[in-house]
Structures are given as C-alpha cells and as structure tokens.
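1. Whatever this is, show me its structure:
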Amino acid sequence: MRHRGVGVWGTALGLVTLLSACTSTEQGTAVVVNPTVDSSLPGSATPSATGNPGEQPGVDVVAELSELLPCEILSDEELTTLGFDPETATFDDVGVSYDCRYRFPGGERPVMTIQLDWNYSVDQLNLTNYTIEEISVGPLRALRIIGKTASEHCQISLHLSEDAHVSVFVHYAGTLEQACAIAEGTAAALEPSLPRSSD
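-> Below you'll find the predicted structure:
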C-alpha cells in the first residue's frame, strides 16, 4: 500500500461539491450529446446486447463504493501515465468530502481530484450555474459539467446507481479543453474499477 498524506481541502472544490438534499430537480442548461469516452484499460466492461450497459446484477454499489479508498483506486503507473505524481496524493474525508487530490510532478498545476459519493446520484447534484452534457465513459452514463462563465475547470461525474456516483474534478489546467481532456482520461482509467448497478 502506498503512503498517502492526509490534508484538509474541505470546501475548496471549485465545481459541484454541494449536493441538494431537499430536491432532485436538475437545474442548469442540459445539452444532449452522445460522445463516448472509451476506457483506456484493457478488459473494461463493454455494453451487452441485452440489459443496461455495464450492468452488474446484485451488486451493492453503496457498500462497495464506501469500501474503496480514493487514493488507492488508480495505480502509480496509471497516475503517471495521466501525468500526475502519485506522491502528491492528499486524502480528505472532512465534511461532505471523501476524495483524493493529485498534482503534476513538482507540485505544478493542474490539480485533479477523485471524489466518491455513496449518498447521491448524478441526478441529485446541484447543477445551478453549470452547463451539463450527457456523455458515456465506457459503459457508464456520465455528465460533463462546466461553468457557464469562462474557466479552466471541468468535472466528469459517473453514474453508478440511484444512490452513488464518482466525480473527477480538474482545476487550473490552463484551458477548459485541457481540463476536460484530463478529467475524461482520468474517468476512463477509473471506470473499470468502479461498482455499478443496473438502474
């Protein structure tokens, strides 16, 4: 097991970190598109001819996701391939956060965060003031979430069940396009290791 530092990032996530506990109404501008982000790993799940893509009948997604450690999902090799330094991993479980943050070698920007959430689905995210695109990451339904104002931040949230999702946040990437490319690449690397239900 790799050594991981523990830091407090708390409410510093710049994108969607606050969830709406009172409503499941999705706000924002939904743009219907059908791009697919392929998993970069061999042996990832592929859509079956029948049933929902990525279906894993009988999986207790909440239990399995709550057992995962966000700093242990990706290997050092995968993180290095994505451009991040595994030694910069910073774990945070304060408040609503349960995530791991990484930086480029030398502590350089951008900052990438993997956040696990087994209390809310992607449809319960508070998306006020964000533009949302429906995409697929491997067989999983996902949302590409960006601010309505110009920024260099991008979020990919992967639907796992009616009660769970995983988000990848990329901040300070220089451009929005670069932030989304890094977030989508990270999400594709994560996808094969994530539990998912058939809902």
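2. hey, let's count contacts and neighbours off CA atoms from now on
-> Noted.
3. Find the residue at the geometric middle of the chain.
-> S167 (2.2 Å; Cα atoms, centre = their mean).
4. Assign it to helix, strand or coil.
-> strand (DSSP: H, G, I helix; E, B strand; the rest coil).
5. who's in contact with it?
-> Shown in contact with S167 (Cα atoms under 8 Å, 6 or more residues apart in numbering): 113-116, 155-158, 187.
6. Bridged to it, which residues?
-> Counting by DSSP bridges, S167 is bridged to Q115, S157.
7. neighbours of T149, just the number please.
-> 9 (other Cα atoms under 10 Å).
8. isn't L116 right up against E72?
-> No - applying Cα atoms under 8 Å as the test, L116 and E72 come out as separate, 12.0 Å apart.
9. So which of these two has more stuff around it?
-> Per other Cα under 10 Å, whichever of L116 and E72 has more neighbours is L116, with 23 against 15.
10. Quick check, pLDDT for the closest residue to the more buried one other than its chain neighbours.
-> If you skip the residues right next to it in sequence, L116 has V166 as its closest partner in space, 4.7 Å away by Cα to Cα, 6 or more residues apart in numbering. We have a pLDDT of 97 for V166.
11. Might you report the residue contacts of V166?
-> 114-117, 157-160.
12. Contacts for the longest helix that the chain contains, please.
-> Longest helix in the chain, counting residues (DSSP state H): helix 176-190. Contacts to helix 176-190, defined as Cα under 8 Å, 6+ apart, come from residues 37-41, 73-74, 78, 82, 110, 112, 137-138, 144, 150-156, 158, 167-173.
13. Next one: R196 from L158, what distance?
-> Distance of R196 to L158, computed by Cα to Cα, to the nearest Å: 10 Å.
14. Oh, that last question was meant for E152, not what I typed.
-> Distance from E152 to L158, by Cα to Cα: 20 Å.
15. Also A187?
-> 8 Å.
16. what is in contact with those two at once?
-> 137, 167.
17. that older thread, possible to save the contacts of S167 as CSV with pLDDT?
-> Listed next are these as CSV, based on pLDDT from 0 to 100:
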residue, pLDDT
T113, 97
I114, 98
Q115, 97
L116, 97
Q155, 97
I156, 98
S157, 98
L158, 98
A187, 98
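18. Pairing partners for the closest residue to G83 other than its chain neighbours in the sheet, please.
-> The spatially closest residue to G83, leaving aside those adjacent along the chain, is F104, at 6.1 Å (Cα to Cα, 6+ apart). Counting by DSSP bridges, F104 is bridged to E108.
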